[in-house]
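Colleague: missing the sequence, but the structure's below:
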């Protein structure tokens, strides 16, 4: 079993850093449920039809591809975030990158796949759709003026559903996590 060495390593090296334990394997998360207080995130492959009530019995959040939260063509939200929240789960969307090749058609700018598109627009759509956390290669876009405050205000209104009020989750590189 991987769970005991994982928890031992986390206890030795945390130094107060926030940690989410995430896995595509439900069995790992179910085993960890009674062994730690870290938030557990069930990662889901695109196309998966999640049993949210079942997941809520062992995890605090789901981690999903961003296209399952907002349409990459129209920017319109799906019902996934609201259904997750109704089940008592937070929702983390992955993977946000600024290059056109990684953005939905709605947020691409120009024809160069390596050029940066409108990542801020994609983030805005995900937050408006109800995303509680983002896996983002460009965290500065997440922290644009007003966005943080809007997200905290929304989280405070829903704190009874998703956990501690006022938390903002931008899952990124370790250096950024230490700076925030």
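Modeller: On my side now, so go ahead. In this text the structure is predicted, and so the values were computed from the model without any measurement. Numbering: from 1, shown residues only.

Colleague: buried set for the lengthiest strand in the chain?
Modeller: The strand spanning the most residues in the chain, taking DSSP state E as the definition, is strand 90-96. Using 16 or more other Cβ atoms under 10 Å as the test for burial, strand 90-96 gives 90-94, 96. The way it works is simple: take the backbone N, C-alpha and C, and place the C-beta from them, glycine included.

Colleague: now stretch 19-26
Modeller: By 16+ other Cβ under 10 Å, the buried positions in stretch 19-26 come out as 20-23, 26.

Colleague: Equivalent analysis for stretch 101-119, please.
Modeller: By 16+ other Cβ under 10 Å, the buried positions in stretch 101-119 come out as 102-104, 106-108, 116-119.

Colleague: quick check: mean pLDDT across it?
Modeller: Stretch 101-119 shows a mean pLDDT of 95.

Colleague: Now the residue of the chain most remote from its centre. Nearest residue, chain neighbours left out?
Modeller: Going by Cα atoms, centre = their mean, the residue of the chain most distant from its centre is residue 111, 28.4 Å out. In this structure, residue 111 finds its nearest non-sequential neighbour in residue 100, 8.0 Å apart by Cβ to Cβ, 6 or more residues apart in numbering.

Colleague: What ranges in the chain fall below the confidence cut-off?
Modeller: Scanning the chain for pLDDT under 70 picks out the ranges 14-17, 139-180.

Colleague: measure the residue nearest the centre of it to residue 108 for me?
Modeller: Nearest to the mean C-alpha position of the chain, by Cα atoms, centre = their mean, lies residue 92 at 1.8 Å. Applying Cβ to Cβ, to the nearest Å, the value for residue 92 to residue 108 is 23 Å.

Colleague: again, but for residue 3
Modeller: Taking Cβ to Cβ, one finds residue 3 at 41 Å from residue 108.

Colleague: which parts of the helix or strand containing residue 12 are buried?
Modeller: Assessed by DSSP states H and E, residue 12 sits inside helix 3-13. Neighbour counts over helix 3-13 (16+ other Cβ under 10 Å) mark residue 6 as buried.

Colleague: what pairs with the helix or strand that comes right after it, and is each one parallel or antiparallel?
Modeller: Remark: after helix 3-13, the chain's next helix or strand is strand 21-23, criterion DSSP H and E. If you go by DSSP bridges, strand 21-23 pairs up with strand 40-43 (parallel).
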